[in-house]
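**Student:** One predicted model, sequence on top.
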Amino acid sequence: MRRRSAVWVPLLLFVAGQLLVAQRGAGQPQGARDILVTAIPGVVAAGAAWTIAWQGTDNADGIVGTADGGLLFAQEQPSQISKLDASDRASVFLRDTHGAGALAIDAAGRMLAVERTCTDPGRRAPDPCVEPTVVGVLTPERKTLANNVDGKPLGRLNDLVADRKGGVYFTVGGAFYANAAGRVTSFGDDIRANGIMLSRDERIVYVTNTTVVLAFDVQPDGSARNRRDFGRLEAGGNGDGMAIDAAGRLYVTTAPGVQVFDLSGKYLGLIPTPRNVISVAFSGPDKKTLYVVGSGALGPDGKEFVTPDGVRNNAKTIYRIPMLAQGFSGRAKWRPRVPLLVRLREPRSACARCCNCLRGTRTRRCCRSPWSTAPSPSTAGSRPWGRPR
C-alpha cells in the first residue's frame, strides 16, 4: 500500500518534538499518590489495594503474563527482558534484545518484540543511532518481521500484539499490520496511536488515539477496515497500553489509572493507580491479578528516585491488584500453545534433566522451559529494588 509523503511530515515532527522534550529532561515522574479503589461490578472490588511487585531505575515496559503466573517485562536501556515469578523474585530472562520495549507471545510460542535499538530519547552517546528499529522475533530464533513501511524506516516503535495467523499489529505514530510474509499495511491516516490490542475472537483490533479508543474490523488478510470510535477515556489522560479480560472487557492505561470498557464500548469506570501507568497485563493464579507499570520509583534510600537535569528518568514500579475479573486465557499475547523451548543461562549438562513432552499424539525431547518455576542461577542474589543482577 502506498502512503502519501505528506502523512509522514506531521508524524516526523511529532516524534522529533517528543524526543526533544525528553532530551531536555523535561519533568520527573510524579511521586506515588494516595488512591481509593471503588467497585466496578464484576471487575474489581471496592477497597482492593495495589501492592508493589518490583521497582527499579532501569525501566520496565511491555509486560506480558506467563503460564506459571509470573510476568515478563522489557527493559530497553539495558537491552534485556526480566521475569518476575509468582513470588515476585526477579531474574534476567533474555539478554541482547536490541532495546525491546514491548512484548508479545504468539500462538506458535515465539516471543515477539518492538526492537527500539538505540532510539532512546535519553541516549547520551557521541555517535548517531544508525541501527534500524524492527518488529522482530526474539526466540526461539532471531528474525525480522518488519523494518519499514513503503521503504521508509519505522522510527521509534510503541506497542504490538500478535495474531493467530503469524502476523503482528504494531504502532509507531500510526497503526500497522505485518502479515506472516512481512507485508506491512497501514490502518490509515490521522491516528496518533500508542497501545494496540485484539478482541477475543480477533475480529476487532483496538487502537488508542490520544483521548479515545478506536476500533477496526479485521479483514481475512489481517488488514484493518471500518474505523470508528469505540470509547472515550472519560477519566482523562491519553491511552497507552491495553489488555482484555475473559468477558471481552478492555483495560486502557492512562495517567489517572486503568480505564475499563465493556464489549460495546460503554465506559465502566476507572481503577485509580498510585502512579501514572503505561502498560497492563493479567497474570497470577487463574489470571485474576492485574499488573501495571507505573512511572517513577523509590530509590534504595526509600526516597523518590530523581535524575540530574537533562538526564531522562527511566525509573518504574510494577504494581499488582487482585481482581474479580479474569484475564482472557486465549490471548496469544499471553500464553503459547506449546511451551517456549529455549536454553537460557543453562549449562550444557542441564539437558540431562530433559523429559518427554507430550502434546496430543506428538512426543519430543525438550530441555527445561523458561516458563518453569524452578530456581535459576540468575535468581540467586537478586534484589527487591533495582534491576536484577
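**Tutor:** Arrived safely, thanks for sending. Numbering: from 1, shown residues only.

**Student:** What pairs with the helix or strand that contains residue 290, parallel or antiparallel?
**Tutor:** Taking DSSP states H and E as the definition, residue 290 sits inside strand 289-295. The pairing partners recorded for strand 289-295 under DSSP bridges are strand 277-283 (antiparallel), strand 316-322 (antiparallel).

**Student:** Please identify the most buried of those strands.
**Tutor:** The highest mean neighbour count among these, using mean count of other Cβ atoms under 10 Å, belongs to strand 277-283: a mean of 26. In short, each C-beta sits where N, CA and C put it, glycine included.

**Student:** ok, for the residue nearest the centre of the chain, nearest residue in space, not its chain neighbours?
**Tutor:** The residue lying closest to the centre of the chain (Cα atoms, centre = their mean) is residue 62, at 1.9 Å. Nearest residue to residue 62, sequence neighbours excluded (Cβ to Cβ, 6 or more residues apart in numbering): residue 102, at 3.2 Å.

**Student:** Please identify the buried residues of the strand holding residue 290?
**Tutor:** Across strand 289-295, burial judged by 16 or more other Cβ atoms under 10 Å covers 289-295.

**Student:** Of these, just say which sits nearest to residue 262.
**Tutor:** Closest to residue 262 out of those is residue 290 (16.4 Å), distances taken as Cβ to Cβ.

**Student:** can you pull the contacts of the closest one?
**Tutor:** 44, 243, 251, 258, 271, 280-282, 320-321, 323, 325, 327 (Cβ atoms under 8 Å, 6 or more residues apart in numbering).

**Student:** Pull up the gap between it and residue 215, please.
**Tutor:** 22 Å (Cβ to Cβ, to the nearest Å).

**Student:** And the pLDDT for the closest residue to residue 115 other than its chain neighbours?
**Tutor:** Nearest residue to residue 115, sequence neighbours excluded (Cβ to Cβ, 6+ apart): residue 98, at 4.1 Å. Per-residue confidence (pLDDT) for residue 98: 96.

**Student:** Figure out the helix or strand that residue 98 lives in.
**Tutor:** Using DSSP H and E, residue 98 falls outside every helix and strand.

**Student:** next one: phi and psi at it?
**Tutor:** Main-chain torsions, residue 98, degrees, to the nearest 10: phi 60, psi 40.

**Student:** do the same with the one 10 residues further on
**Tutor:** Backbone torsions for residue 108, taken as degrees, to the nearest 10, come to phi -90, psi 0.

**Student:** what's around it, how many residues?
**Tutor:** Residue 108: 15 surrounding residues under other Cβ atoms under 10 Å.

**Student:** re earlier: find the pair from the contacts of residue 290 with maximum spatial separation.
**Tutor:** Using Cβ to Cβ, the pair of those lying farthest apart is 44 and 281, separated by 15.3 Å.

**Student:** ok so, going back, element containing the residue nearest to the centre of the chain?
**Tutor:** Per DSSP H and E: strand 61-65 holds residue 62.

**Student:** Show me what that strand is packed against.
**Tutor:** strand 71-75, strand 100-105, strand 277-283, strand 289-295 (3 or more Cβ pairs under 8 Å, 6 or more residues apart in numbering; DSSP states H and E).

**Student:** Let's have those in CSV, adding distance to residue 127.
**Tutor:** Shown next, in CSV, are the helices and strands packed on strand 61-65 (distance: least, Cβ to Cβ, whole Å):
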stretch, distance to residue 127
strand 71-75, 22
strand 100-105, 21
strand 277-283, 29
strand 289-295, 29
